[in-house]
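Q: predicted model and sequence below, questions to follow.
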Amino acid sequence: MQTTIFAVFLAFSGTALSMSAAGLTLLAIGLLAAKNDIAHARGIDKIVALTPLCFAIPLAAFGAEHLSSQRSLLAAVPPYMPWRMFWVYFVGFALIAASLSIATKRQVRWSGLLFGAMMFLFVAMLHLPGAVTAGGRIPWTIIVREMSFGGAGWVLAGLAMGGDREGPGKVLIIVGRVPIAIAAIFFGVQHYLHPLALPGVPLAKQMPPWIPVRGFIDYVTGAFLMVAGVCFLLARKTRIAATYLGAWIILLVVLIYGPVLIGALADPSAGVQVEAVNYFADTLLFGGAILSLAGVNRK
């Protein structure tokens, strides 16, 4: 028995281990920071109180990936950039710092603003040139996803600056809401075109066969996304749409992505393990992006 456990531990990818450890650490920190908000929230608003956690856990995991798998990520840095390895480490530390800031709700006006700016720079410098060159559904889906993350960072920064009151906070919320709305509508359509893809952020990986009514789950998720996306775009019923869609995405993360992640971590392939952690973190972060709009005081 001890030999088997030791063998499993040795087969565990160092990158997947560091990403998981970082995520679990931020889970503990975020729960401590949010315990009062969760205790005072009523009903489904308890899900909204988890918004900082949904942001902090993925950012910590991605930061750990940059610090533990720097050689593989170096290829993503444009060749014209000086000190390419420096930027891999810099982004890793920046993501971890942002995760701590957002989890503890300290200086979110800066961490959200800078995280959002970084996401938009990634789109302009990395993803957009690749999508234009290669084409295809997946690169454009990644662009839309990254823009929604950036928009959500600006929404969080805007809320920290005073929310819907006049000033830079209101501007950030208005600007940040648009890419989240576009992502929701775009992803909703993709769920109908590719009804067996893992729900939420529909990339290449499909739902495993053990999940019942896979097509139905994707169709329902697609309908939720499109309806909520229109609400976000028109700034109508934003809070209620974001609350219920965000709750649905988090439910999918727990019931579908969680078991998929556990199964992948038991696989001896490091690539399979890291991919599963990334899928889990990406979808959790998208749920946090949706929930960020639940803090906007619009009806």
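A: Cool, got the structure.

Q: my guess is K170 meets G163, correct?
A: Yes - look at K170 against G163 with CB atoms under 8 Å: they come within range, at 7.4 Å. Using the backbone N, CA and C atoms, a C-beta is placed for each residue, glycine as well.

Q: okay, now the unreliable bits of the stretch 51-200 of the chain?
A: Counting by pLDDT under 70, the stretch 51-200 of the chain shows low-confidence ranges at 164-165.

Q: ok, residues contacting the helix or strand where K46 lies?
A: Under the criterion of DSSP states H and E, K46 resides in helix 45-48. With CB atoms under 8 Å, 6 or more residues apart in numbering as the test, helix 45-48 has contacts from I38, A41, T243, G246, A247, I250, L291, A294, G295.

Q: list phi and psi for F187.
A: phi -70, psi -40 (degrees, to the nearest 10).

Q: not counting sequence-adjacent ones, nearest residue to it?
A: L225 (5.2 Å; CB to CB, 6 or more residues apart in numbering).

Q: so what's A76 up against?
A: Counting by CB under 8 Å, 6+ apart, A76 makes contact with L126.

Q: quick one on the thing from earlier: for the helix holding K46, what is the average pLDDT?
A: Helix 45-48 shows a mean pLDDT of 89 in the predicted model.

Q: and the helix or strand following it, what does it pack onto?
A: Downstream of helix 45-48, the first helix or strand assigned by DSSP H and E is helix 51-68. Here helix 51-68 touches helix 14-40, helix 84-104, helix 137-160, helix 238-252, helix 270-292, going by 3 or more CB pairs under 8 Å, 6 or more residues apart in numbering; DSSP states H and E.

Q: quick one: name whatever helix or strand follows helix 51-68.
A: Later in the chain than helix 51-68, the nearest helix or strand by DSSP H and E is helix 70-74.

Q: ok, back up a step: show the buried residues in the contacts of helix 45-48.
A: T243, G246, A247, I250, L291, A294, G295 (16 or more other CB atoms under 10 Å).

Q: export those residues to TSV and tack on pLDDT and distance to V91?
A: Output for those, formatted as TSV (pLDDT from 0 to 100; distance: CB to CB, whole Å):
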residue	pLDDT	distance to V91
T243	95	31
G246	96	26
A247	96	30
I250	96	26
L291	96	24
A294	93	28
G295	86	26
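
Q: wait, which of those residues is closest to A22?
A: Nearest to A22, judged by CB to CB, of the buried ones among the contacts of helix 45-48 is I250 at 19.5 Å.

Q: I'd assumed C54 was in contact with that closest one.
A: Yes - between I250 and C54 there is a contact at 6.9 Å, judged by CB under 8 Å.

Q: intersection of neighbour lists for the two?
A: What both I250 and C54 touch, as defined by CB under 8 Å, 6+ apart, is the set L284, G287, L291.

Q: verify the contact between the last one and Y244 for me.
A: I take that to be L291. No - the pair L291 / Y244 is not scored as a contact, 10.3 Å apart, by CB under 8 Å.

Q: sec struct for D267, please.
A: coil (DSSP: H, G, I helix; E, B strand; the rest coil).

Q: secondary structure class of S111, three-state.
A: helix.

Q: just give me the neighbour total for the nearest residue to it once chain neighbours are set aside.
A: The shortest distance from S111 to any non-neighbouring residue, by CB to CB, 6+ apart, is to S101 (3.6 Å). Using other CB atoms under 10 Å, S101 has 24 other residues around it.

Q: now do the contacts for S101.
A: Here S101 is in contact with Q107, V108, W110, S111 (criterion: CB under 8 Å, 6+ apart).

Q: 7 Å - rerun?
A: Q107, V108, S111 (CB atoms under 7 Å, 6 or more residues apart in numbering).

Q: relative to A56, how far out is it?
A: Distance of S101 to A56, computed by CB to CB, to the nearest Å: 9 Å.

Q: equivalent analysis for S68, please.
A: 18 Å.

Q: same thing with P82?
A: 31 Å.

Q: for those two, work out which one has more neighbours and name it.
A: For P82 versus A56, neighbours defined as other CB under 10 Å are more numerous around A56 (29 against 6).

Q: mind listing what the more buried one touches?
A: L26, G30, S99, I102, A103.

Q: the fourth one against L113, yeah?
A: No - the pair formed by I102 and L113 falls short of the contact definition of CB atoms under 7 Å, at 11.6 Å.

Q: so for the two, which residue has more residues nearby?
A: Neighbour tally, I102 and L113, criterion other CB under 10 Å: the higher count belongs to I102, 31 against 21.

Q: what residues sit buried inside the helix or strand hosting I262?
A: Here I262 sits within helix 258-265, counting by DSSP H and E. Across helix 258-265, burial judged by 16+ other CB under 10 Å covers V260, L261, A264, L265.
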